[in-house]
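Participant: Task: produce atomic coordinates for the following.
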Amino acid sequence: LEKEIIKVGGKDVFKTLTALNEKYKEGSITKQELQQLQDLQQINCINNRIDNISKSVCLLSNLTRLVVSNNLLSEIPPYINQLKNLKHLFLNDNKLKYVPPECFELKHLEVLNLRNNEIALLPDNIHQSKQLRYIDLSCNILYSLPDTIGKLSKLTDLYLHDNELVSLPKSLGNISSLNILNLNDNYLKLLPKFKYQLKEVLCNNNFIHKFPNVNTSVLYLKNNHITSFSIKKINYFTKVDLSHNYIKIIPKSIKYLKHVYILNLSYNNIQKISREMNLINNIKYLVLHDNSIKKILKIYDTSKITHLNLSNNNLTHLPSYFQNLKLSVLELSNNKFEYIPPYVFNIKTLTTLKMNNNKITYISDDISKLTFLKILEVNNNRIMYVSNSISKMICLEVILLDRNNLSCFPDITNTNIRVLSVSYNNLKYLPHNNNMEQLHASYNKIIELNLNQIPYIKLLDVSHNEISTIHSINNQSELSFLSIHHNHIT
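Facilitator: Coordinates of the predicted model:
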């Protein structure tokens, strides 16, 4: 207790405990001396160099909370069971390798935190602490759990992530009170059948090959070995993450996802979006990037999707019904589009459009139909022409046009564009704008720089150009970053 000394009733607890401990060893401790600390209910010795729990601490019969986190403990003493009223025990971030059975003779224990130790096994009598509702055993080296854990009828939160678990006892699925189960980063191939509804099941980064029989609101199965899945007719899923698996086909049972509003199927091998997607009308975030999608069958006009990510697929066009969707964000980067699909221009609610890394050659006049568009990303295309109608887009704030074939840029003087990136093009003159704060225009053919034309600029990169003349640099009170290296300035 070098950094924290706890005081109760004006008495120095550390000194008192030390003295009592010495007398305990000698066998000369009196009831009167022990009575000095009988009212003590909480001890917090976090972040010290304690390497053992003193016997005198375990004589404090009214202690309800003991925190010895982030110390040097290598064992839990068997006399811990003398703390008959203990409810909260925090021994996380130590060097514990073993949990003695006596630890679970604490009848009133509700919260047990043993996170970040070196524990490989738990004793079979874990169920004797019947009041346990919160257990954190994450970041250990557990490879199995005792079957008796299923008898903890009040357990609500169980954290087992970052261990070496290869299987789970079937009894785990019998805990009716369980709400949150975190199994991320283990070696699990199968989950037990859960009889009762949970709130969250997190099982990312395992070796699960079969979609689990679990009724939960949130289900995360990212980065497993799932090749197919089926949804039960009655379910309560609201968030489902099946990204980074080996799924090829969206099943017909997908229509039973009546409550889901976030569905992530990215990084799979899906080739088409099936008609059954029509029936999950409450979905708002649909993530399908990094698949092999070539075809999109009809999504109902009544769909509630606001964020749709179809990047990194094999799309060349979009069907006409897209114009009736009420999307806010549409991501189509890394596909095979040669132009912005015309139906996109009729999505009146669109605020963000991302079409980086395609084969687009121009931006047509129809772009101005997107009256609420704020962000336009079309980096790394083949764009040679941007329509002047872009100047009519009063909501547009960010345009990213790096790595294209632009030799000129439309007049955007009086627009609300704050960020413009046009690096790696063929521009000779910088665009003018009265509101721009950031302008990235490196690797072009710009010959002069007039800062009066961008009066509120804060960040300006015009490196690697052909600039020989700079005007009005002294009047730039807002400018905080200027890069002009690799030019022709003398």
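Participant: For Glu164, which non-adjacent residue is closest in space?
Facilitator: Closest residue to Glu164 apart from its sequence neighbours, by Cβ to Cβ, 6 or more residues apart in numbering: Tyr143 at 4.7 Å. Yep, even glycine has a C-beta here, placed from its N, CA and C like the rest.
Participant: Contacts only, for that neighbour.
Facilitator: Ala120, Leu121, Asn163, Glu164, Leu165, Val166 (Cβ atoms under 8 Å, 6 or more residues apart in numbering).
Participant: Can you pull out the low-pLDDT segments for the chain?
Facilitator: Scanning the chain with the threshold set as pLDDT under 70 gives 1-36, 298-302, 473-477.
Participant: List the buried residues of stretch 402-416.
Facilitator: Asp402, Arg403, Asn404, Leu406, Phe409, Ile412, Thr415 (16 or more other Cβ atoms under 10 Å).
Participant: and what of stretch 453-463?
Facilitator: Using 16+ other Cβ under 10 Å as the test for burial, stretch 453-463 gives Gln453, Ile454, Pro455, Ile457, Lys458, Leu459, Leu460, Asp461, Val462, Ser463.
Participant: Give me the distance from it to the chain's centre.
Facilitator: 35 Å (Cα atoms, centre = their mean, to the nearest Å).
Participant: pretty sure Thr238 is touching Ser217, no?
Facilitator: Yes - with contact defined as Cβ atoms under 8 Å, Thr238 counts as touching Ser217 (4.9 Å).
Participant: Need the buried ones from the contacts of Tyr143 selected in PyMOL.
Facilitator: Per 16+ other Cβ under 10 Å, the buried members of the contacts of Tyr143 correspond to this PyMOL selection:
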select buried, resi 163+165
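Participant: got the contacts of Tyr143 as CSV, with secondary structure columns?
Facilitator: Shown next, in CSV, are those (DSSP: H, G, I helix; E, B strand; the rest coil):
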residue, secondary structure
Ala120, coil
Leu121, coil
Asn163, coil
Glu164, coil
Leu165, coil
Val166, coil
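Participant: Could you look up the SS state of Ile135?
Facilitator: On the three-state scheme (three-state DSSP), Ile135 is labelled strand.
Participant: rewinding a little: the residue nearest to Glu164 and Leu221, how far apart?
Facilitator: From Tyr143 across to Leu221, the span is 21 Å (Cβ to Cβ, to the nearest Å).
Participant: Which two of the buried residues of stretch 453-463 have the greatest separation?
Facilitator: Comparing every pair within the buried residues of stretch 453-463 by Cβ to Cβ identifies Pro455 and Ser463 as the most remote, at 21.3 Å.
Participant: contacting residues for the closest residue to Pro342 other than its chain neighbours?
Facilitator: Using Cβ to Cβ, 6+ apart and skipping the chain neighbours, the partner closest in space to Pro342 is Asp366 (6.7 Å). When contacts are counted by Cβ under 8 Å, 6+ apart, Asp366 touches Ile340, Pro342, Phe345, Ser389.
Participant: pretty sure the first one is in a helix, no?
Facilitator: No - following the definition three-state DSSP, Ile340 is coil and is not counted among the residues of a helix.
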